[in-house]
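Trainee: for reference, the sequence and a predicted model appear below.
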Amino acid sequence: MTEPVAPATPSLPALNGRSVRNLRHVRTVRLLRRNVAVLAAAFGALLVGAVAVPAYAQATAPPVYVAPVLQQFAASESLPSPVVERTDSYSVTVPPKLQWPVGAGTPISDGFGPRVSPCSGCSSLHEGVDFDPGYGATVHAIAAGVVVETNSPGYAALGVHVAIEHVIDGQTIVSAYGHMQTGSMHLKVGDIVLVGQPLGLVGSTGASTGAHLHFEIRQGGTTPVDPIAWMRAHLG
C-alpha cells in the first residue's frame, strides 16, 4: 500500500544582506507612521477639549478674601509723659496780654478825678491820667483790640487820639490815647491792633498845656475808671 505523500512546501529564496536591510527599513517606516498617527490623534483630542471647556473654567480661581484683623492698642496710664529736649540756643518770647502805654516808671502830671480846669476847654472832671514821658515818645496799645474811634486832624479836646476796644478778663474795655502829634497816628476805625503796637507819638494837640499822653480806661466801653488802679489790678 502506497503511503500518502505530503504536499511540497515551496521554499523561499535566501535573502541577501541588502534585502534584509531594506526589509528592516520598511518596518521602521511603518512603525514611525503608526506612532505619528497616534500622536496626531492625541493632539487633536487635546485641541477639542481646550475649545470645549469654557474660558472662565480655565482662569485661575481668585484667592479667598480674609478679613484683616484690626490691631488694638490701649495706652497705659503708667506711660511717662513725653520729654521735649531743646537743643537750640534761642528762646521764644511770648508777648504779654496787657502792658502800660508808656514806660511803667513814667511820671504822672495829673491824676484821675475832679480837678481845677488847667486851661480853657480843659475838663474839671479828669476822666484819665496824664503821663509825661517827653515830647515824641512812642505810645503803645495796652492790649490787642479793634479801633472804635479816631480823630486824626485833632479838632477835639483830645486832639489827635485813638480809642481801642478790647475784651479783657471777659469784659469789654476801651482804652483811649490823646494829644498825640499831628501825622503820627495813622489808624482808622475798624483796624485791628496788637498788644504793644505803636499808635503814635506824644504831642500837645487839642486842649493841652504841654506835651503829654492823656490815657483813659472806659469800663464796659463807656464808663471812665481810674486807669492807674485798673492797670495795676490787672497787671498784678
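Mentor: All right, it came through fine.
Trainee: A helix includes residue 231, no?
Mentor: Yes: counting by DSSP: H, G, I helix; E, B strand; the rest coil, residue 231 falls inside a helix.
Trainee: how close does it get to residue 209?
Mentor: 24 Å (C-beta to C-beta, to the nearest Å). For every residue, glycine as well, the C-beta is placed using N, CA and C.
Trainee: more crowded one of these two?
Mentor: Remark: of residue 231 and residue 209, residue 231 carries more neighbours, 19 against 13, as counted by other C-beta atoms under 10 Å.
Trainee: now do the contacts for that one.
Mentor: Neighbouring residues of residue 231 by C-beta atoms under 8 Å, 6 or more residues apart in numbering: 98, 100, 142, 217.
Trainee: can you give me the strands in this structure?
Mentor: Using DSSP state E, the strands of the chain run over 108-110, 113-114, 125-126, 129-131, 138-140, 145-151, 160-168, 171-180, 192-193, 198-201, 213-219, 223-225.
Trainee: take the ones you listed and write them to TSV, including mean pLDDT, mean neighbour count and distance to residue 235.
Mentor: Formatted as TSV, those follow (pLDDT from 0 to 100; neighbours: other C-beta atoms under 10 Å; distance: least, C-beta to C-beta, whole Å):
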stretch	mean pLDDT	mean neighbour count	distance to residue 235
strand 108-110	88	15	16
strand 113-114	80	10	21
strand 125-126	77	14	22
strand 129-131	94	23	15
strand 138-140	98	20	14
strand 145-151	96	17	17
strand 160-168	96	21	11
strand 171-180	96	22	13
strand 192-193	98	16	19
strand 198-201	98	20	19
strand 213-219	95	22	12
strand 223-225	94	15	15
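Trainee: nearest to residue 186, of the ones you listed?
Mentor: Distance to residue 186, taken as C-beta to C-beta, is lowest for strand 198-201 among the strands of the chain, at 8.0 Å.
Trainee: sheet partners, orientation included, of the closest one?
Mentor: Next to strand 198-201 in the sheet, as set by DSSP bridges, lie strand 138-140 (antiparallel).
Trainee: what does the strand it pairs with rub up against?
Mentor: Identification of contacts with strand 138-140 by C-beta under 8 Å, 6+ apart yields 99-102, 177, 180, 196-202, 213.
Trainee: can we see that at 10 Å?
Mentor: By C-beta atoms under 10 Å, 6 or more residues apart in numbering, the surrounding residues in contact with strand 138-140 are 99-103, 131, 133, 161-162, 177-181, 184-185, 193-203, 213, 215.
Trainee: pLDDT weak spots in the chain?
Mentor: 1-33, 35-95, 115, 117-124, 236 (pLDDT under 70).
Trainee: so residue 200 bridges to which residues?
Mentor: Beta-bridge partners for residue 200, by DSSP bridges, are residue 139.
Trainee: distance of it relative to residue 97?
Mentor: According to C-beta to C-beta, residue 200 stands 22 Å off from residue 97.
Trainee: can you check residue 154 too?
Mentor: 30 Å.
Trainee: who's more crowded, these two?
Mentor: Neighbours per residue (other C-beta under 10 Å) separate residue 154 from residue 97, with residue 154 holding more: 21 against 14.
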